[in-house]
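Participant: Turn this into a model:
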Amino acid sequence: MPEQKRLEDLASDIRVSDESSGHSSRKRVMKNNAPRASTLRRYANNVVFGTTIAVMGILGFSALLYVRRDMDREHQSTNQQYENQTSPSTTALQYVVAAPETSLESTIEKQPIEQAHTAPYVEASQQPPLPLQQPTILSPLAQLDGHLSHQILNESTQTNDTATEHPQEITNSIGMRLKLIPAGSFMMGDRSPEFVRDNHQLPLHEVTLPAFYMGTTEVPVRLFELYVQECPEETNWQNSYRQRWWGEQLQHRDHPITVSWYDARFFCMWLTRHEPEGVYSLPSESQWEYACRANTITRFNTGNDISLNDANFHLNASIQDAIRDVASYPPNAWGLFDMHGNVWEWTQDIYIGGYLNAPTDGSAREYSPAYGLRVRRGGSFREIQEACNSADRSAGNSSLGHVDTGFRVVRTLDSAPSRE
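Facilitator: I've put the predicted structure just below:
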């Protein structure tokens, strides 16, 4: 009996020893595996985080594609409607002369679609002579391939009474020449899908403008100098950087002045105060394109192509890198120089991508006078050929003076408000 008890006690001691040893062994294993477990946890967390970011990125990209697809469909629908309206089977955009007693603002009216559709085409040479014939009016006709071309439909834009009331060209007291831009309508935007660089030139839309005067050239340094001498405080010319920059420009008095949008606007305000007639301002974007096209519907007012004999731009990666004197190249049909290339030109409009809800009366889009980006038009000596076309647009910081950005002015036909 004692022997049996002794054996049981011995067996119990062995089990306790084994359990203690196993517990210590498990503790050692857990301690040794702790770094590995921490690494696995971090790896798992990183995998989950990365997967979440990837899923969010895919969803965001899908949403952008969905929005872009809707925008493209909308632009295509708008352009298709325009092409359907101007196809040979429906109508041709024709412009007819208003009665002699009408004012300049209504001298060019659009012929109703029904009449344009049913009226037989008559060669220009067979048409009876019209009274008081003036420069030709070009009208877009749709070809079978869907592209637009131009054709002369009639040869009269104004009456004698209108020409007597408003001269074709005026020169103000500081020697600035301005041309009369006739009232009329045009399709604003890029009508050549193969050349559209983005949707900022779409959709095509019709704009009807009253007559106005526009400077034949960009404002040159020698004319801007008159403003600086009279109102130096308005442009902060005392600043050393501005003085140095201004001194450099004074070496080229017939170059277009390159200033900020605000400086250009202040110049127009000064000129309105200075001149006895008319209100001067920057052109609206639609005024600029209408005047640039001068009744053409091609990419440039010279046709669907332009050469270095027509404008100052950057060709084949060989930058001319030099501003030319104003009026160094041939004018367009309305007597305006350098509408393509040389320097960008400020307009009154704030910059908004595309023409949805854009004005159709020739006015500027200006929701906030303090908006930071303004539209520039025409391209410059630094830009490639395509950036200089009639429909191209660019955004510029209105508070900065860009070395390749100048401006030209427009003037109303009526007298300015009282200066008293």
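Participant: Where does the prediction get shaky in the stretch 1-150 of the chain?
Facilitator: In the predicted model, the stretch 1-150 of the chain carries pLDDT under 70 at residues 1-4, 7, 9-37, 63-150.
Participant: Kindly state the domain boundaries assigned to the chain.
Facilitator: Using automatic domain parsing, the domain parsing of the chain gives 1-86, 88-165, 215-411.
Participant: quick one, phi psi at residue 391?
Facilitator: Residue 391 has phi and psi values of phi -100, psi -10 when expressed as degrees, to the nearest 10.
Participant: Is residue 254 in contact with residue 222, as I believe?
Facilitator: Yes: counting by CB atoms under 8 Å, residue 254 touches residue 222, with 6.7 Å between them. Where C-beta positions appear, they are placed from N, C-alpha and C, glycine not excepted.
Participant: hey, where'd the helices end up in this protein?
Facilitator: In the chain, the segments counted as helices under DSSP state H are 2-86, 113-118, 160-165, 221-230, 232-235, 240-249, 261-274, 285-293.
Participant: count of neighbours near residue 298?
Facilitator: Burial measure for residue 298: 20 neighbouring residues, criterion other CB atoms under 10 Å.
Participant: Could you measure from the nearest residue to it once chain neighbours are set aside over to residue 336?
Facilitator: Using CB to CB, 6 or more residues apart in numbering and skipping residues adjacent in sequence, the residue nearest residue 298 is residue 304, 4.9 Å away. Distance of residue 304 to residue 336, given as CB to CB, to the nearest Å: 19 Å.
Participant: neighbour-wise, which of the two wins?
Facilitator: Neighbours were counted for residue 304 and for residue 336 using other CB under 10 Å; residue 336 has more, 22 against 14.
Participant: Return the distance of that one relative to residue 345.
Facilitator: Where residue 345 is concerned, residue 336 sits at a distance of 11 Å (CB to CB).
Participant: What of residue 326?
Facilitator: Residue 326 is 12 Å from residue 345, by CB to CB.
Participant: any residues in contact with both of the two?
Facilitator: residue 218 (CB atoms under 8 Å, 6 or more residues apart in numbering).
Participant: got the contact list for the residue lying closest to residue 337 once chain neighbours are set aside?
Facilitator: The shortest distance from residue 337 to any non-neighbouring residue, by CB to CB, 6+ apart, is to residue 327 (4.3 Å). Residue 327 makes contacts with 216-217, 337-338, as judged by CB under 8 Å, 6+ apart.
Participant: how far away is residue 327 from residue 176?
Facilitator: 12 Å.
Participant: show me the contacts for residue 361.
Facilitator: Residues near residue 361 by CB under 8 Å, 6+ apart: 207-209.
Participant: give me the number of residues near the closest residue to residue 222 other than its chain neighbours?
Facilitator: Once flanking residues are discounted, residue 222 sits nearest to residue 253: 4.0 Å by CB to CB, 6+ apart. Neighbour count of residue 253, defined by other CB under 10 Å: 14.
Participant: Thought residue 223 was touching residue 253, still the case?
Facilitator: No: using CB under 8 Å, residue 253 is not in contact with residue 223, being 9.0 Å away.
Participant: in the stretch 151-300 of the chain, what spans have low per-residue confidence?
Facilitator: Looking at the stretch 151-300 of the chain by pLDDT under 70, you get 151-164, 193-198, 236-241.
Participant: do that again at 80, thanks
Facilitator: Counting by pLDDT under 80, the ranges of the stretch 151-300 of the chain that qualify are 151-164, 191-199, 233-244.
Participant: what do you get for the stretch 301-420 of the chain?
Facilitator: Using pLDDT under 80, the stretch 301-420 of the chain drops low at 315-321, 367-371, 415-420.
Participant: Which residue ranges of it form strands?
Facilitator: 344-350, 373-377, 393-397, 405-406, 410-411 (DSSP state E, counting those that start in this stretch).
Participant: any idea of the angle the longest one forms with helix 285-293?
Facilitator: Note on geometry: by axes from the mean of the first three to the mean of the last three CA atoms, to 10 degrees, strand 344-350 and helix 285-293 are set 150 degrees apart in direction.
Participant: Strand 344-350 pairs with which strands, parallel or anti?
Facilitator: As defined by DSSP bridges, the strand partners of strand 344-350 come to strand 373-377 (antiparallel), strand 405-406 (parallel).
Participant: One more: the last one?
Facilitator: Paired neighbours of strand 410-411 in the sheet (DSSP bridges): strand 212-215 (antiparallel), strand 280-281 (antiparallel).
Participant: Show residues contacting the longest one.
Facilitator: The contact list for strand 212-215 (CB under 8 Å, 6+ apart) reads 170, 176-181, 278, 283, 287, 291, 336, 408-413.
Participant: Out of the residues you listed, which end up buried?
Facilitator: 176, 178-181, 278, 283, 287, 291, 336, 408-413 (16 or more other CB atoms under 10 Å).
Participant: Let me know the closest of the residues you listed to residue 322.
Facilitator: Taking CB to CB as the measure, residue 322 lies nearest residue 408 of the buried ones among the contacts of strand 212-215, at 19.8 Å.
Participant: What separation do you get for the nearest residue to that closest one once chain neighbours are set aside and residue 277?
Facilitator: Leaving aside its chain neighbours, residue 408 sits nearest to residue 215 (4.1 Å; criterion: CB to CB, 6+ apart). The spacing between residue 215 and residue 277, counted by CB to CB, is 15 Å.
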